[in-house]
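the following block contains a protein sequence and its predicted model.
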Amino acid sequence: MRLPELRQLRYFVAVADELSFTAAARRLGIAQQSLSQQITVLERTLGARLLDRDSRGTRLTDLGRRFLPEAKAVLDRAEQAVTTLARAGRGEVGELTVAFLASTANYLLPPVVRAFRERYPDVRLTTEDTSVATLVEGLREGRYDAAFSRPPLVDGLAARTLAVEEVCAVLPEGHPLADRAELTLADLADEPWVLTERSSWPPWHRKYDEDFRRAGYEPDVVQRAGSVQNLLGLVAAGVGVSRLARSAHSLRRTGVVFVPLAGEQAATQVLWLPDADKPALRRLLEVVTELAARTDLTQSG
């Protein structure tokens, strides 16, 4: 069975509403003869008479009355589909999966998600906090549409810097250097260090090695940890010192002191694949760029 065209359904609804071919043709902006022909084609396509036309006027048949709400529902659904498509093209509906580097999620996730949901409530935004290795892999494999991280120091990803903050020496409370306004990496040459596992993200650790070499020493790493939270716990326990962005202080408020390292900074970036074409992703990038311009994201949460 052939299906009727949407315009034929629209013509039928107009005639049914007006109960006049003349008024319906005027409403539709077409010739009355063309309207009559299309209604005839519609009835032949359906194999049913929908309208009675005689000298007394135009009336719906019983089948026509039954068909009218169905025809209107089809037209409404078609209009809804076109509207949804247009909104999707503008990035107003859809789905996004976004990763946050675990050590930044505590302060970064709330303002980003809040701002995006307020602007685009019909985009389903799924978030995950994860390691940098999983984050980069997820972007490359398409599991994540975007990610918020420290610069991963790898090729193949588009990046936009949203915030820059101080890097600090992290010392246990009561440490002889804890009351200093500023330190250099060289000031910590004789300290025991606690750092993350080298395997956690080799590009970062190669950068750390270069920084220590420039400071003139190889650090005495007495213990390695699997997370920033663990590092902070080890520093608070007096196991050693470490080096983190100032925003990591939000993960532990007691037992540790953050002292700025002269001239050292850490960036927070939003990352995505250069050839990604999701309209909702473009809207996310717009929202976070505007948010970063008016808010210190490292102080949010």
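Nice, I can see it. Numbering: from 1, shown residues only.

alpha carbons only for contacts and neighbour counts from here, please
Fine.

please enumerate the helices of this structure.
Remark: helices assigned in the chain by DSSP state H are 6-18, 21-28, 32-46, 62-89, 102-119, 132-141, 202-215, 228-236, 279-294.

from those helices, which stretch is densest packed?
helix 228-236 (a mean of 21; mean count of other CA atoms under 10 Å).

ok, residues contacting that one?
103, 170-173, 194-196, 224-225, 240-242, 248, 251-252, 254-256 (CA atoms under 8 Å, 6 or more residues apart in numbering).

tell me which of the residues you listed fall in strands.
Per DSSP state E, strands hold the following members of these: 170-172, 194-196, 224-225, 242, 256.

just the buried ones among these, please.
170-172, 194-196, 225, 242, 256 (16 or more other CA atoms under 10 Å).

could you dump those residues into CSV with pLDDT and distance to Glu264 added?
As requested, these are arranged in CSV below (pLDDT from 0 to 100; distance: CA to CA, whole Å):
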residue, pLDDT, distance to Glu264
Val170, 98, 14
Leu171, 98, 16
Pro172, 98, 20
Val194, 98, 19
Leu195, 97, 17
Thr196, 95, 19
Ala225, 95, 22
Ser242, 98, 14
Val256, 97, 19
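
please pull out the lowest mean pLDDT helix or strand from this structure.
Least confident helix or strand, the chain: strand 51-54 with a mean of 89, by mean pLDDT, DSSP states H and E.

who does it pair with, and is each partner parallel or antiparallel?
Pairing partners of strand 51-54, with direction, according to DSSP bridges: strand 57-60 (antiparallel).

any weak-confidence spans in the stretch 151-300 of the chain?
Scanning the stretch 151-300 of the chain for pLDDT under 70 picks out the ranges 300.

can we see that at 90?
Where the stretch 151-300 of the chain drops to pLDDT under 90, the residues are 250-253, 298-300.

to Leu271, which of the helices of the chain lies closest?
Closest of those to Leu271 is helix 132-141, at 8.2 Å (criterion: CA to CA).

what angle separates that closest one from helix 202-215?
In terms of direction (axes from the mean of the first three to the mean of the last three CA atoms, to 10 degrees), helix 132-141 departs from helix 202-215 by 130 degrees.

show me what helix 132-141 packs onto, helices and strands only.
Under the contact criterion of 3 or more CA pairs under 8 Å, 6 or more residues apart in numbering; DSSP states H and E, helix 132-141 touches strand 94-101, strand 146-149.

packing partners of the first one?
Helices and strands touching strand 94-101, by 3+ CA pairs under 8 Å, 6+ apart, are strand 123-130, helix 132-141, strand 146-149, helix 279-294.

let's see that with 10 Å instead.
Packing partners of strand 94-101 (3 or more CA pairs under 10 Å, 6 or more residues apart in numbering; DSSP states H and E): helix 62-89, helix 102-119, strand 123-130, helix 132-141, strand 146-149, strand 256-272, helix 279-294.

give me the sheet partners of it and which way each runs.
Strand pairing for strand 94-101, determined by DSSP bridges: strand 123-130 (parallel), strand 146-149 (parallel).

so can I have JSON lines of the helices and strands packed on helix 132-141 showing distance to Gln33, mean neighbour count and mean pLDDT?
As requested, those are exported to JSON lines (distance: least, CA to CA, whole Å; neighbours: other CA atoms under 10 Å; pLDDT from 0 to 100):
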{"stretch": "strand 94-101", "distance to Gln33": "44", "mean neighbour count": "22", "mean pLDDT": "96"}
{"stretch": "strand 146-149", "distance to Gln33": "56", "mean neighbour count": "26", "mean pLDDT": "98"}
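
turn those into a markdown table, including distance to Ala73.
Output for the helices and strands packed on helix 132-141, formatted as a markdown table (distance: least, CA to CA, whole Å):
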| stretch | distance to Ala73 |
| --- | --- |
| strand 94-101 | 24 |
| strand 146-149 | 38 |
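
gap between the two ends of stretch 213-225?
End-to-end distance of stretch 213-225: 22 Å, with CA to CA, to the nearest Å as the criterion.

what does it rub up against?
Contact with stretch 213-225 is made by 184-198, 200, 207-212, 230-234, 239-242, as judged by CA atoms under 10 Å, 6 or more residues apart in numbering.
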